[in-house]
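# Quick one, what's the 3D model for this:
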Amino acid sequence: MADGLKDEYNEASAANYLCLSARTLRRYRLMGRIGHHRSPGGRISYTLDQLIDFQLSTRVPPLQAGTAAA
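Next up, the predicted model:
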């Protein structure tokens, strides 16, 4: 792809893309918070769509007008 994005990411590059440590990404994967693929050889990979879905699921909505922050 021209913009440097790939179709598949290994655990280290997916963690880097999400600005997480590989250990945190692994913990999220084991908790079921992020989708992944496992090859017949046992390698873990993530698609760009899975990474974006995770980013969207962790997004905090902005405060609405008229609500006070605690």
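# can you list the weak-confidence ranges in the protein?
Within the chain, the segments meeting pLDDT under 70 span 1-5, 65-70.
# Show the backbone phi and psi for the residue nearest in space to the middle of the chain.
For the chain, the residue nearest the mean C-alpha position is residue 51 (3.7 Å; Cα atoms, centre = their mean). Torsion angles at residue 51 (phi, psi; degrees, to the nearest 10) stand at phi -70, psi -40.
# OK, contacts around it?
9, 14, 17, 18, 34 (Cβ atoms under 8 Å, 6 or more residues apart in numbering). The way it works is simple: take the backbone N, C-alpha and C, and place the C-beta from them, glycine included.
# out of these, which are inside strands?
When those are checked against strands (DSSP state E), the matches are residue 9.
# Among the contacts of residue 51, which lie within helices?
Among the contacts of residue 51, DSSP state H puts 14, 17, 18 in helices.
# and of those, the nearest to residue 60?
Minimum distance to residue 60 across the ones in helices among the contacts of residue 51 is 15.4 Å, recorded for residue 18 (Cβ to Cβ).
# Kindly check the end-to-end length of stretch 47-64 for me.
Start-to-end span of stretch 47-64 (Cα to Cα, to the nearest Å) is 33 Å.
# List the buried residues in that stretch.
Residues of stretch 47-64 classed as buried: 47, 50, 51, 54 (neighbour count, 16 or more other Cβ atoms under 10 Å).
# could those residues be laid out in JSON lines, adding distance to residue 39 and secondary structure?
Output for the buried residues of stretch 47-64, formatted as JSON lines (distance: Cβ to Cβ, whole Å; DSSP: H, G, I helix; E, B strand; the rest coil):
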{"residue": "47", "distance to residue 39": "13", "secondary structure": "strand"}
{"residue": "50", "distance to residue 39": "15", "secondary structure": "helix"}
{"residue": "51", "distance to residue 39": "18", "secondary structure": "helix"}
{"residue": "54", "distance to residue 39": "20", "secondary structure": "helix"}
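# rewinding a little: just among the ones in helices among the contacts of residue 51, which is most surrounded?
residue 14 (25 neighbours; other Cβ atoms under 10 Å).
# Looks like that one contacts residue 26 (just checking).
No. In this structure, residue 14 is not within contact of residue 26 by Cβ atoms under 8 Å, at 10.1 Å.
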